[in-house]
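Undergrad: could you work out the structure for the sequence below:
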Amino acid sequence: MLPREESTSTIPGAIAAIVVRARRFIEGLAQPWLVQLVLRIALAVPFWKSGMLKWQGFLQLNDTAITLFTDEFQLHLPGGPYPFPAPAVFAFLSACGEVTFPVLLVLGIGTRFAAAGLFAMTCIIELTVPDGWPIHITWAAMALGIAAWGPGLISIDYLLGDRASRS
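TA: Residues are numbered from 1 along each chain as shown. Here you go, the predicted model:
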């Protein structure tokens, strides 16, 4: 019986060792600088793709972008929905933000500002498309995380001195 007892007592030890090795691997992989870089890219991609669809030339919106804000998009506020005021202006500002903020994020220039801008845009998008909250909340969480913890080591902001992160 003695060999059987020894083998069962080593199983928990072996499992513990595997868990420790897996934890060390994950901790080594999930470095803060890598997480911050991936967050910036992940938030930039959907906004960049949407923004690129709105342009037909340099500072020229396509007709679809203006039509969306004129005929399709509405603000879902109490007592509403309401049409966007000045739809051409909102279409232009939206398209500018959807192209500019992602570039700033990916390069890591004005990163906290760009994240705050995309957070504000996400809030407006949520008012426009309230059923999209499962995606919008992930964008909001990423934007707030970037704004709170900064751009990380792989950014121009870091080289310029933005090394402070909130603890």
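Undergrad: which helix or strand lies directly C-terminal to the lengthiest helix in the chain?
TA: Determined from DSSP state H, the single longest helix within the chain is helix 2-29. Sequence order places helix 32-52 as the next helix or strand after helix 2-29, per DSSP states H and E.
Undergrad: buried stuff in that next one?
TA: By neighbour count with 16 or more other C-beta atoms under 10 Å, helix 32-52 contains the buried residues 36-37, 39-40, 43-44, 47-48, 50-51. Every residue, glycine included, has its C-beta placed from N, CA and C.
Undergrad: flag the shaky bits of the chain, pLDDT-wise.
TA: 1-9, 163-167 (pLDDT under 70).
Undergrad: give me the distance between the residue nearest the centre of it and D162.
TA: Nearest residue to the geometric centre of the chain (C-alpha atoms, centre = their mean): L43, 2.7 Å. The spacing between L43 and D162, counted by C-beta to C-beta, to the nearest Å, is 17 Å.
Undergrad: same check, this time on M52
TA: Distance, M52 to D162, by C-beta to C-beta: 28 Å.
Undergrad: same deal with L153?
TA: Here L153 is placed at a distance of 11 Å from D162 (C-beta to C-beta).
Undergrad: so what are the domain limits for the chain?
TA: The chain breaks down by automatic domain parsing into domains covering 1-30, 31-160.
Undergrad: that older thread, please report how far the residue nearest to the centre of the chain lies from H76.
TA: 23 Å.
Undergrad: likewise for V129?
TA: Counting by C-beta to C-beta, the gap from V129 to H76 is 8 Å.
Undergrad: next: T122.
TA: T122 is 15 Å from H76, where distance means C-beta to C-beta.
Undergrad: could you do I135 as well?
TA: 16 Å.
Undergrad: list the contacts of stretch 30-39.
TA: Stretch 30-39 is contacted from outside by 142, 145-146, 149-155, using C-beta atoms under 8 Å, 6 or more residues apart in numbering.
Undergrad: for stretch 130-145, same thing?
TA: Stretch 130-145 is contacted by residues 39, 42-43, 46, 76, 115-116, 118-119, 122-123, 125-126, 129 when judged by C-beta under 8 Å, 6+ apart.
Undergrad: which of L153 and D162 has more neighbours?
TA: With neighbours defined as other C-beta atoms under 10 Å, L153 and D162 compare such that D162 has more, 18 against 15.
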